[in-house]
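Asker: Whatever this is, show me its structure:
(one chain, ligands or ions: 2)
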Amino acid sequence: MKDLSGEIRALKQERGAVILAHNYQQPAVQELADYVGDSLALARYAARAGAPVIVLAGVRFMAESAAILAPEKTVLLPDPEAGCPLADAVDAVSLRRARDAHPGAAVVCYVNSSAEVKAESDVCCTSGNAVRVVGSLPERRVLFVPDRNLAGYVARFTDKEIVAWEGSCPVHARVRREEVEQARRRYPGALVMVHPECPPEVTAAADFVGSTEAMLRFARKAEAADFVVGTEAGLLHRLERENPGKTFHLLSPTLVCPDMKRTTPEKIARCLRQLAPRVRVPEAVGRRARQALERMLELG
Ligand code: 13P
Ligand code: SF4
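Answerer: Numbering: from 1, shown residues only. Ligands and ions are numbered 1, 2, ... in the order given. Next up is the predicted model:
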C-alpha cells in the first residue's frame, strides 16, 4: 500500500490542520494523528484546538461534537458514512416526547448521540465521566439516553432514579459473560477490563470497567503483566505501544466496530486535499447542543 504519511504531513501544514483520532481507529490512522484519545479527550481537544481545520478520524457524532464546540473551525469527517448505530437509537422527536412524559427529570445524553439530541438535553456525558455528571445534578430523576448498559452501570453508583433509554452498542452489547469466563480459564492471572457499554453480567464479571482512556490508565498502573480487553480491537494498538512487556488479549473476536474502521489513510489524504466532506451543525441546534457539552466540560 502506498505510504501517504509524507503527503499528509505536507497537506496538514498547508491547510493548518490537526488530525484527531479515536482510540478505535485502525493503527495506520492512529499513527498519522496529532492526538489519539477517547470521546471525552477528543471533545476537550477540539474545544481548545488552535488549528483552523480539524480532521476527525472517528465517527459522525465525534465530528459533530467538534463542530459544535469549535463552530468557527472547518471540521472534516474522512468518511461521511461513518456513523454509530447507538447514536441512531434516539432522535430529537422521541426524546422530546419522553421528556414530556417525565417532567422534572434531568435529561443526560451520552455523547454517542446526534447534535439534535444533544440540543434537547440538559447535559452530555461520556463513558469517562458519566458517574460524575449524573452525581452533579440537583434533580433526583434522570432520563438517560441512549445507552441502557451505560445507564445501568451509572445506576450502581448513585441513589438517583435513572430512567434508561433502550439503545445499545451492537459491538459491545453482544459480548457474553461466558467469554469472560473462558478468557479467565485461558489466561489465568490476567486482569479483565471492559467498557461500560457491555451488558451488566459482563461488567459485573470484570476486574475493571471504564472508558478507553481509563483502561489505558489502569493497564499502565496495574502490576499485572497480562490483560484481557473487552472493548473495540483498535485500543490494543495503544495498549501494546504504551506498555512494552505487558500482554493484551482481545476478549472476543466480535469486538470490531465497522464504522470506526471506515477511516483510512487514503480517505484522510483525500479530505485534506478537497477540504471535504465537512461536518456542519445548524447554528440554532449547535447553540443549544453546545450548552449541554460545555456543562459537561465545566465539570472537568
Ligand atoms: P469512549 O468514550 O470510551 O472513547 O468510547 C466511545 C465509543 O464509541 C464506545 O463504543
Ligand atoms: Fe458506536 Fe459502538 Fe462503534 Fe462505539 S463501538 S462507535 S458505540 S457502534
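
Asker: Now the residue most central in space within the chain. Its backbone dihedrals?
Answerer: For the chain, S39 is the residue whose C-alpha lies nearest the centre (CA atoms, centre = their mean; 3.8 Å). For S39, the backbone dihedrals (degrees, to the nearest 10) come out as phi -60, psi -40.

Asker: how about low-confidence regions in the stretch 1-150 of the chain?
Answerer: Applying pLDDT under 70 to the stretch 1-150 of the chain flags the ranges 1.

Asker: Longest helix in this protein, please.
Answerer: Longest helix in the chain by number of residues (criterion: DSSP state H): helix 283-298.

Asker: give me the element the nearest residue to L272 once chain neighbours are set aside is part of.
Answerer: Distance criterion CB to CB, 6 or more residues apart in numbering; nearest residue to L272, sequence neighbours excluded, is L11 at 3.9 Å. Where you see a C-beta, it was placed from the backbone N, CA and C, and this is true even at glycine. If you go by DSSP states H and E, L11 is part of helix 5-15.

Asker: what's the next secondary structure element after that helix?
Answerer: Criterion used, DSSP H and E; the element after helix 5-15 is strand 17-22.

Asker: which helices and strands does the next helix or strand along the chain from that next one pack with?
Answerer: For strand 17-22, the succeeding helix or strand toward the C-terminus, using DSSP H and E, is helix 27-32. On a contact count with 3 or more CB pairs under 8 Å, 6 or more residues apart in numbering; DSSP states H and E, helix 27-32 meets helix 5-15, strand 17-22, helix 235-242, helix 265-274.

Asker: looking at those, which is closest to L255?
Answerer: Smallest distance to L255 across the helices and strands packed on helix 27-32 (CB to CB): 9.1 Å, for helix 235-242.

Asker: hmm, who's touching the helix or strand following that closest one?
Answerer: Moving toward the C-terminus from helix 235-242, the next helix or strand (DSSP H and E) is strand 247-250. Contact with strand 247-250 is made by 183, 186-187, 190, 219, 225-229, 233, 236, 239-240, as judged by CB atoms under 8 Å, 6 or more residues apart in numbering.

Asker: again with stretch 43-50
Answerer: 18, 20, 35, 37, 54, 56, 62, 65-66, 69-70, 73, 75, 111, 126, 293, 296-297.

Asker: again, 7 Å this time
Answerer: With contact meaning CB atoms under 7 Å, 6 or more residues apart in numbering, stretch 43-50 is reached by V18, L20, Y35, G37, I54, S65, A66, L69, A70, V111, L293, L297.

Asker: do stretch 63-72 as well
Answerer: Contacts for stretch 63-72 (CB under 7 Å, 6+ apart): 43, 46-47, 49, 54, 56, 75, 77, 111, 114-115, 279-281, 286, 289-290, 293.

Asker: what about that stretch, distance to the chain center?
Answerer: The chain centroid and the centroid of stretch 63-72 are separated by 15 Å under CA atoms, centre = their mean, to the nearest Å.

Asker: returning to what we had before: of all the helices and strands packed on helix 27-32, which lies closest to S121?
Answerer: It's strand 17-22; of the helices and strands packed on helix 27-32, that one is closest to S121 (CB to CB) at 21.4 Å.

Asker: what angle separates the closest one from helix 265-274?
Answerer: Computed by axes from the mean of the first three to the mean of the last three CA atoms, to 10 degrees, the angle separating strand 17-22 from helix 265-274 equals 150 degrees.

Asker: Contact partners for K12?
Answerer: K12 sits next to I19, L272 when contact means CB under 7 Å, 6+ apart.

Asker: Which strand residues bridge the nearest residue to A276 once chain neighbours are set aside?
Answerer: Nearest residue to A276 in three dimensions, chain neighbours excluded: L76, at 7.0 Å (CB to CB, 6+ apart). Counting by DSSP bridges, L76 forms beta bridges with V55, R278.

Asker: number of nearby residues for F208?
Answerer: 17 (other CB atoms under 10 Å).

Asker: returning to what we had before: just the buried ones out of the contacts of stretch 63-72, please.
Answerer: 43, 46-47, 49, 54, 56, 75, 77, 111, 114-115, 279, 281, 286, 289-290, 293 (16 or more other CB atoms under 10 Å).

Asker: the helices in the stretch 1-150 of the chain, which residues?
Answerer: In the stretch 1-150 of the chain, the helices defined using DSSP state H, counting those that start in this stretch lie at 5-15, 27-32, 39-48, 60-69, 92-101, 115-119, 130-135, 148-155.
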